[in-house]
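In: Give me the fold of what follows.
(one chain, ligands or ions: 1)
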Amino acid sequence: MVRRIPRLPASATPALADVSSHEAPDDTTSLDVPEQLLTPENSRSETSSNNENASTDDKSAGRRRSTRVARASLQATDALPESPVKNNEVAASSSQAYVDSIAKSRRSHSSLRHSIAVMENSLRNGTALPDDDTTTDDHPMVPDTPISNSSQELPSTDLKTSLQERTLRQRVEKALSKDEEEKPSPKSAPKAYSRGSVRRSTRLSLVEKATGLLERSSSVLGKRQRGNKDVDRRASLRPRNVAPVEEEAPSPAPKAPEPKKRRVSESDLAKLQEKKEDTPPATETKPAVSQYKPKRWLTHGLYTGQEPTDSPPKQRKSKNSAKASDTPLQRKLLPMPMFAGKRLIQNGRDYKIPFDIFNPLPPGQPKPDEWRKTNKNVFVGDAAAEWKANKNLELSTCMCEEETGCDENCQNRYMFYECDNGNCRLGPECGNRNFNELKARTKAGGKYNIGVEVIKTADRGYGVRSNRSFEPNQIIVEYTGEIITQFECERRMRSVYKNNECYYLMYFDQNMIIDATRGSIARFVNHSCEPNCRMEKWTVAGKPRMALFAGDRGIMTGQELSYDYNFDPYSNKNVQQCRCGAENCRGILGPRPKENVRPKVVDDKSKAKTAGTKRKLSEADDASSGPGKKRKTLKPKSIKASVKKVVKKATTTARGKTATKKTVTKTTGRAASASKKDVKLPTVKSASRVKATVKQPARKNAKSTKAAPKSPAKSPSKLNRPSAETKRKILAAAARGTGGRGSKTTKKSPSKPAAKSPKKSPAKAKAPAKSKGLGNSVKSAAKNVVRAVRGTKRPT
Ligand SMILES: C[S@@+](CC[C@H](N)C(=O)[O-])C[C@H]1O[C@@H](n2cnc3c(N)ncnc32)[C@H](O)[C@@H]1O
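Out: Coordinates of the predicted model:
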């Protein structure tokens, strides 16, 4: 931005003229110089005039002027440390000299620029002195950059002039550089730096320029002192015409010349090898393999209240620290929740875990005193010898592949044979080694591995619960005890267990019985009509073994274990009421109804399973009948009815009264005979009283028949024996009516013609009537017996 100051007329007041002259900035020689070229006289007169004016003029003007003068003089003295008079003298001599003098005196870049500009103008105008236009350069706001100068140049300047200008400029710059080289001084640095090469914004004020210059100079100086770091500055920030000073790198120490590489010949190699062989084998240096540190897991530090001691936790343990320290080892269990751990331990809080885990009962649970525990089957008495004699070792080898393992299609599994290395080639991949797994668990010990506990139930005596979860079909516990013969079983039932309420007998194999009175915990497992486990007999290494397996739904922690006894009471005497509480409870500890019996396809399995049904004393009686003997299974309704009758009978027996009827339950073999023994018939004394009432039907009963003949005539009973004539008629009718017997009869009495037949047809009709009458008479006789018994028992 160019601001022109109008030239003042000569008639202008001295004050104003003074102002114009004094307002010129000190660092730039006034452009009025050509007109008012400074001479010692001028300057002196001016100064004096100023002084004079200051003394003579009115106070206000003088004051103002004096102030300005003072400022200007101050500025001049600040900016021009050397005598301005000297400079003026040099300037007056010639333009070149003027330039040199200014350069020497001021050492200011701006002044030199200004001088150059002046020179250029003078050349352009053909005069040594600048024209009016030059006044522009005098203004402090006029930039003194080449750009600003060039911007002032007229576009119409011919090439010649411009060339002259350039050469002059170059000359001046050369002179300056020479001068600087001749007189190196700390002050020259900023000059060199600002030597007409830096482009600056025309909008910058002088103050800004000055401060910028100072900063640059100081920074440059500082950097030079620090070793000319400005060399590394960005090219855009570096002074353009200052060649980057090359740092003198410290000359490295002279290196010893490298020895020439010798060519290795084959002979040399051979020598080397010989040397190697001669020298003892040095310890082989292992190749540097990056060894990763093993990951260390924090065992403490994250939770509070977990450490058993107050000692500060150690992050690392030295080798001997474990031996040296007396503190107990840290717990390996998962710590309690963070922050609240200590408080929880101290105060306690009820909480519910989201899933079932190991949860054993607290100590002090009631235990049966009479229980003698054994986890192995023990042959007692003749059982071992009998077992060996009847031993029928069946072999089974599975053909399973490794891909499938011994799954449900495994032949051994299907046959209830456990796989082992003898009958299975899969090894650990085999999935049919339940008893082996159980053995490992038992060997490991601990409540979790055992997984079951005895509990006291409300109404069924003791029971067994799980203290952990079991997978579906996972083996839980083996049913072990004493293996006894049937004879031994009978003996025990009669003598040892005769007063017992609970029996722990189970049919095992080869007519042997497991008596778990002394046995494993499995003996406490109760019956349920809707069980969660099942008892299975397996052949393990050629020997039968029984175990409790989890059902198809698995077992959760805390569940009471149960299986279906499939109890075969054989005698209603042994029927017990079931208290399993299941929806489909059968009501008694009896066998399953027929509809629940497994289909024939799984007969082998069911056979194996039913081998483990519970039996009581009567089973020993029935066992002699053989496993193939069919038994009539009672339906639930009939069982319930029979139970009622048995209970009724039991109550009457308890009252001292005798039962009058036989048990309704149809039993076979010895069981039937046993039930016969149970029925107590009326005593003789009572029978004598019945004499009068019991007649013909009582013949079926030995005792009642005795009474009947005593008074046959007195008895009006229709149960009199038929006469000979009646018998004949019946036989004749039968011979006519029925095929076989009739034919026989006809053969026996061919003489009797068919003419008799119509007559005998009523006789034929009479026969069933008689038989019906017999049945009724038996029933009525029985009723009479009951009445008679009651009557006798009632002393009245
Ligand atoms: C092998 S023991 C079972 C353990 C027996 N609870 C105990 O305390 O020793 C069989 C006996 O338990 C009783 N029992 C088992 N399950 C029963 C059930 N569901 N209802 C009633 N009594 C049951 C019967 O007295 C049965 O004779």
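
In: how many other residues sit next to Asp459?
Out: Residues near Asp459, counting by other C-beta atoms under 10 Å, number 7. No exception for glycine: its C-beta is placed from N, CA and C like everyone else's.

In: do Asn390 as well
Out: Neighbourhood size, Asn390 [other C-beta under 10 Å]: 11.

In: what residues are up against it?
Out: By C-beta atoms under 8 Å, 6 or more residues apart in numbering, Asn390 lies in contact with Gln510.

In: per-residue confidence for the residue in the chain positioned nearest to the ligand?
Out: Residue nearest to the ligand within the chain (C-beta to the nearest ligand atom): Gly461, separated by 2.4 Å. Model confidence at Gly461, given as pLDDT, is 93.

In: And for Lys229?
Out: For Lys229, pLDDT reads 43.

In: circling back to that earlier point, surely the residue of the chain closest to the ligand and Tyr503 touch.
Out: No. With contact defined as C-beta atoms under 8 Å, Gly461 does not reach Tyr503; the gap is 11.9 Å.

In: Look at these two and report which has more neighbours.
Out: Neighbour count, other C-beta under 10 Å: between Gly461 and Tyr503, Tyr503 has more, with 20 against 12.

In: Would you mind confirming that Val380 is in contact with Phe487?
Out: No. Using C-beta under 8 Å, Val380 is not in contact with Phe487; the gap is 11.5 Å.

In: Look at those two and report which has more neighbours.
Out: Taking other C-beta under 10 Å, Val380 and Phe487 do not tie; Val380 has more neighbours (16 against 13).

In: Next to the ligand, which bits of the stretch 1-150 of the chain? Give me the list.
Out: Taking C-beta under 6 Å from any ligand atom as the criterion, the ligand has no neighbours within the stretch 1-150 of the chain.

In: on contacts alone, who are the packing partners of the helix or strand where Tyr448 lies?
Out: Element membership for Tyr448 (DSSP states H and E) is helix 447-450. Counting contacts by 3 or more C-beta pairs under 8 Å, 6 or more residues apart in numbering; DSSP states H and E, helix 447-450 packs against helix 434-444.

In: Give me the contact list for the helix it packs on.
Out: With contacts defined as C-beta under 8 Å, 6+ apart, helix 434-444 is touched by 375, 418, 420, 449-451, 474-475, 477-478, 538, 540, 545, 547, 549.

In: please redo it, this time with the cut-off set to 6 Å
Out: When contacts are defined by C-beta atoms under 6 Å, 6 or more residues apart in numbering, helix 434-444 is touched by residues Glu418, Asn449, Ile475, Val540.

In: Just the buried residues from those, in PyMOL please.
Out: In PyMOL, this line selects whichever of the contacts of helix 434-444 come out buried by 16 or more other C-beta atoms under 10 Å:
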select buried, resi 418+475+540
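
In: Let's see which of the contacts of helix 434-444 end up in strands.
Out: Judged by DSSP state E, the subset of the contacts of helix 434-444 located in strands is Ile475, Val540.

In: hmm, back to that, distance check, the residue of the chain closest to the ligand against Phe435.
Out: 28 Å (C-beta to C-beta, to the nearest Å).

In: Also Glu173?
Out: As judged by C-beta to C-beta, Glu173 and Phe435 stand 110 Å apart.

In: By mean pLDDT, which helix or strand of the chain comes out lowest?
Out: One helix or strand of the chain scores below all others by mean pLDDT, DSSP states H and E: helix 684-690, with a mean of 31.

In: List the backbone torsions phi and psi for Cys533.
Out: Per-residue torsions, Cys533: phi -140, psi 180 (degrees, to the nearest 10).

In: how about the nearest residue to it, chain neighbours excluded?
Out: Tyr563 (4.6 Å; C-beta to C-beta, 6 or more residues apart in numbering).

In: Who are the contact partners of that neighbour?
Out: Listed by C-beta under 6 Å, 6+ apart, the contact set of Tyr563 reads Pro531, Cys533, Arg534, Met535.

In: Could you export the residues you listed as JSON lines, including secondary structure and neighbour count?
Out: Below are the contacts of Tyr563 laid out as JSON lines (DSSP: H, G, I helix; E, B strand; the rest coil; neighbours: other C-beta atoms under 10 Å):
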{"residue": "Pro531", "secondary structure": "coil", "neighbour count": "19"}
{"residue": "Cys533", "secondary structure": "strand", "neighbour count": "26"}
{"residue": "Arg534", "secondary structure": "strand", "neighbour count": "17"}
{"residue": "Met535", "secondary structure": "strand", "neighbour count": "23"}
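
In: Just name the closest of the residues you listed to Gln346, please.
Out: Nearest to Gln346 among these: Cys533, at 40.9 Å, using C-beta to C-beta.

In: Can you name the residues bridging to that closest one?
Out: Going by DSSP bridges, Cys533 is paired in beta bridges with Ala550.

In: ok, now which ones touch it?
Out: By C-beta under 6 Å, 6+ apart, the neighbours of Cys533 are Leu548, Ala550, Gly551, Leu561, Tyr563.

In: So which bits of the stretch 451-600 of the chain are right by the ligand?
Out: Listed as neighbours of the ligand in the stretch 451-600 of the chain under the rule C-beta under 6 Å from any ligand atom: 460-462, 501-502, 504, 523-524, 526-528, 576, 578-580, 589.

In: what about 8 Å?
Out: Taking C-beta under 8 Å from any ligand atom, the part of the stretch 451-600 of the chain that reaches the ligand is made up of 457, 459-463, 501-504, 516, 523-529, 562, 565, 576-580, 589.

In: so where's this structure uncertain?
Out: For the chain, applying pLDDT under 70 flags the ranges 1-165, 172, 175-176, 178-269, 276-290, 298-341, 392-394, 568-574, 593-796.

In: So it: which segments form each domain?
Out: Following automatic domain parsing, one finds the domains of the chain at 14-228, 372-392+433-624, 642-680, 683-793.
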